[in-house]
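**Q** What follows is a predicted protein model with its sequence.
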Amino acid sequence: MTEQKRRNGAALAAERLGERVYAMVQELGAIFTLFLQFLSWMPRPPSEIRNILKQMEEVGVRSMPVVLVTATFTGMVLALQSYSGFQRFQATSFVGSVVALSITRELGPVFAGLMVSGRVGAAMAAELGTMKVTEQIDALVTLATNPVKYLVVPRVVAATLVLPVLVVFADLVGILGGYFVSVYLLGSNPYVYVAKTYQYLEFKDIYTGLVKASVFGMLIALISCHHGFVAEGGAEGVGRATTRAVVASSMMVLISDYFMTSFMF
Amino acid sequence: MIEIRGLSKRFGKKVVLDGLDLTVPKGKNTVVIGGSGTGKSVLIKCVVGLLRPDAGEIRIGGEDVTRMDERELVRVRRKFGMLFQGSALFDSLDVGDNVAFALRRLKMFPERQIQDVVEEKLTMVGLRDIQRLMPSELSGGMKKRVGLARAIAAEPDILLYDEPTTGLDPIMADVINGLIVALRESLGVTSISITHDMASAYKIADTIAMLYKGKIVEVGTPAEIRGSSNPVVRQFVEGRAHGPITAESEEFVRFVRRRDGAAAGEEER
Ligand SMILES: Nc1ncnc2c1ncn2[C@@H]1O[C@H](COP(=O)(O)OP(=O)(O)OP(=O)(O)O)[C@@H](O)[C@H]1O
Ligand SMILES: [Mg+2]
């Protein structure tokens, strides 16, 4: 009897898990379909250049402050942590190298990606979700305009182009933050610090970071647009779509980061 | 001409349209009446291809829109203008840009002329000097009229009006009725209008069709509908609370009363 029950419980759990996995695969499929639609609509006229510029401003301006603050403190905490660690084997002169490499290769792009997921992803999902539930997307369709062309293309293009720019600034202030902590708070030699920063930093470290950032931007915009498009059921539905967009795009930033890192290095 | 045959649409288990037939003659205005939630909006969304029906066909000038892919639909949709029940103005654009939207997308006029067209269309719906206002600054009735101006801006052959006079004061409602009639008379526009407002229906309709339980249960000229002997139509046009349309819900209310009464009786005992 209890054996029977337990087996039922296990079957039920398996079924639930199956449903979850199925829903997730379905969602990935939908996002991939949106990506294909993006590709097919992007080159067609009109160019949407004004919309793209507007979105670039939106993405860039909206996220610049948070990205800069996050990157500065990341650089600072990195310097502190690696200093106290490296002290144990008399390697504190390498702090500059560690900060520069970690920021450019990994932390700059990832933290910028996470911040943009929160700010821009939420804004995109909320805006498109509101348009969906108030029939504005239907209205677009009746006015000879494809919603993917008019709404998704500018957002994805803008995010793909702007994220690397944000990351260039993030890298800069991150390294400066590390320099500030090392030189002024921990008393490192500024010349050694700068020399070590340059010594091991390769151009490849920077540009792979920027490529990652681009991919993050594209993923965030696609995922957030998707969640906006499928929003249903008034303000509450828009709220749900927004939360889902932020969670999904943050997760996707970290997951895709692992795979890109393992392929690129 | 729009010919709808055997149109069915359901959402989940809920059957909304159930084998609906309707013919909309060219250059005429067909008014669809029916209770709230009977599927009038769903019907016109199927006509423009915003919703895919589960069965049936919708022929527009001989072409079946239900079998078209997105690309063909885009071409057919250019013939359409649609006024949404909730106006559906783009809230990131001002009134002028809303009305000019299709004109700019289709590059119908040079930019200089677009301003004039926008002004003309807004004047037609009785609005002036509001081009730079945002939709959030408008009243419900103003939004509806801006939505109408946007729908007619590109001078479509077919217009779909979802409750064009709902939320308007009687005078403005009459202005809009007049506009709908004028568009038909002067431009030969074919249209489907949805309304609850029988006064408006009598005024603008060439044909009135009553939607009930997923089907068109009666079609006729305004005079025929007014004199219809169909009890469902009579209840609706006369606006009575008791009759066949509400019989089921009345039955339900009686059932609940009886049950609660019985329960109360049991408690007493
Ligand atoms: N996208 C949708 N998903 C699920 N159900 C829907 C959807 N659109 C409409 N419905 C359902 O279809 C039915 C008909 O809706 P519709 O909006 O066509 O009613 P209506 O006749 O226009 O009513 P009203 O006069 O109040 O506007 C409703 O019961 C509604 O719940
Ligand atoms: Mg409706």
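**A** Thanks, I have it. Ligands and ions are numbered 1, 2, ... in the order given.

**Q** When you work out contacts or count neighbours from here on, use the C-alpha atoms and nothing else.
**A** Fine.

**Q** neighbours around residue 161, how many?
**A** Going with chain A. Per other C-alpha atoms under 10 Å in any protein chain shown, the neighbour tally for residue A:161 reads 21.

**Q** Let me rephrase: I mean chain B.
**A** Residues near residue B:161, counting by other C-alpha under 10 Å: 24.

**Q** Make sure it is indeed in a strand.
**A** Yes: under DSSP: H, G, I helix; E, B strand; the rest coil, residue B:161 falls within a strand.

**Q** Centroid-nearest residue for chain B?
**A** The residue lying closest to the centre of chain B (C-alpha atoms, centre = their mean) is residue B:162, at 2.4 Å.

**Q** ok, that one - contacts?
**A** Going by C-alpha atoms under 8 Å, 6 or more residues apart in numbering or on different chains, residue B:162 touches B:41, B:82-85, B:193-195.

**Q** which pair in those residues spans the largest distance?
**A** B:82 and B:195 (14.2 Å; C-alpha to C-alpha).

**Q** Counting neighbours, go ahead and name the busier of those two.
**A** Applying other C-alpha under 10 Å to residue B:82 and residue B:195 shows that residue B:82 carries more neighbours, namely 28 against 22.

**Q** what about whatever residue of chain B ends up closest to chain A, how many neighbours?
**A** Going by C-alpha to the nearest C-alpha, chain A is nearest to residue B:88 of chain B, at 4.8 Å. For residue B:88, the neighbour count with other C-alpha under 10 Å is 23.

**Q** Check residue B:224 too.
**A** Neighbours of residue B:224 under the rule other C-alpha under 10 Å: 13.

**Q** Over to residue B:225?
**A** When neighbours are counted by other C-alpha under 10 Å, residue B:225 registers 20.

**Q** What's the first helix or strand after the helix or strand harbouring it?
**A** Per DSSP states H and E: residue B:225 is located in helix B:222-226. Downstream of helix B:222-226, the first helix or strand assigned by DSSP H and E is helix B:231-238.

**Q** Please point out which parts of that next one sit buried.
**A** Neighbour counts over helix B:231-238 (16 or more other C-alpha atoms under 10 Å in any protein chain shown) mark B:232-237 as buried.

**Q** Which of those sits closest to residue B:121?
**A** Ranked by distance to residue B:121 (C-alpha to C-alpha), the buried residues of helix B:231-238 are led by residue B:237 at 32.3 Å.

**Q** Would you check how far apart the nearest residue to that closest one once chain neighbours are set aside and residue B:76 are?
**A** Nearest residue to residue B:237, sequence neighbours excluded (C-alpha to C-alpha, 6 or more residues apart in numbering or on different chains): residue B:198, at 6.5 Å. Remark: distance between residue B:198 and residue B:76 (C-alpha to C-alpha, to the nearest Å) = 31 Å.

**Q** go on, residue A:165?
**A** Between residue A:165 and residue B:76 the distance is 42 Å, computed by C-alpha to C-alpha.

**Q** neighbour-wise, which of these two wins?
**A** residue B:76 (19 against 16).

**Q** downstream neighbour of the one helix or strand the more buried one maps to in the secondary structure list?
**A** Secondary structure assignment for residue B:76, by DSSP H and E: helix B:70-77. Next along the chain after helix B:70-77, taking DSSP H and E as the criterion, comes strand B:80-83.

**Q** how about that next one: buried residues?
**A** B:80-83.

**Q** Low-confidence ranges, the chain, go.
**A** In the absence of a named chain, this looks at chain A. Along chain A, the model assigns pLDDT under 70 to residues A:1-7, A:265.

**Q** The chain in question should be chain B.
**A** Counting by pLDDT under 70, the ranges of chain B that qualify are B:261-269.

**Q** got the contact list for the residue in it that ligand 1 sits nearest to?
**A** Nearest to ligand 1, among the residues of chain B, is residue B:39, at 3.0 Å (C-alpha to the nearest ligand atom). Residue B:39 makes contacts with B:16-17, B:211, B:214, as judged by C-alpha under 8 Å, 6+ apart.

**Q** Give me the neighbour count for the nearest residue to residue A:210 once chain neighbours are set aside.
**A** Spatially, and ignoring its direct neighbours in sequence, residue A:210 is nearest to residue A:164 (4.9 Å; C-alpha to C-alpha, 6+ apart). When neighbours are defined as other C-alpha under 10 Å, residue A:164 has 25 of them.

**Q** Can you classify residue A:164 by secondary structure?
**A** Secondary structure state of residue A:164, per three-state DSSP, is helix.

**Q** Tell me which residues touch it, please.
**A** Going by C-alpha under 8 Å, 6+ apart, residue A:164 touches A:109, A:210-211, A:213-214.

**Q** before we move on, back to that, would you turn the buried residues of strand B:80-83 into CSV with distance to residue A:61?
**A** Output for the buried residues of strand B:80-83, formatted as CSV (distance: C-alpha to C-alpha, whole Å):
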residue, distance to residue A:61
B:80, 39
B:81, 37
B:82, 36
B:83, 36
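
**Q** Indicate the residue of the stretch 151-265 of chain A located nearest to chain B.
**A** residue A:151 (12.0 Å).

**Q** how near is that residue to residue B:13?
**A** Distance, residue A:151 to residue B:13, by C-alpha to C-alpha: 32 Å.

**Q** which of those two has more neighbours?
**A** residue A:151 (20 against 6).

**Q** Quick check: the more buried one is in a helix.
**A** Yes: under three-state DSSP, residue A:151 sits within a helix.

**Q** need the strands for the stretch 1-150 of chain A, in chain order.
**A** Remark: strands of the stretch 1-150 of chain A are absent; assignment by DSSP state E, counting those that start in this stretch.

**Q** Over to the stretch 1-150 of chain B?
**A** Listed in chain order, the strands of the stretch 1-150 of chain B (DSSP E, counting those that start in this stretch) span B:2-11, B:14-24, B:29-33, B:55-60, B:63-64, B:80-83.

**Q** any idea which of the contacts of residue A:164 is closest to residue A:27?
**A** Scanning the contacts of residue A:164 for proximity to residue A:27, where the rule is C-alpha to C-alpha, the winner is residue A:214, at 21.8 Å.
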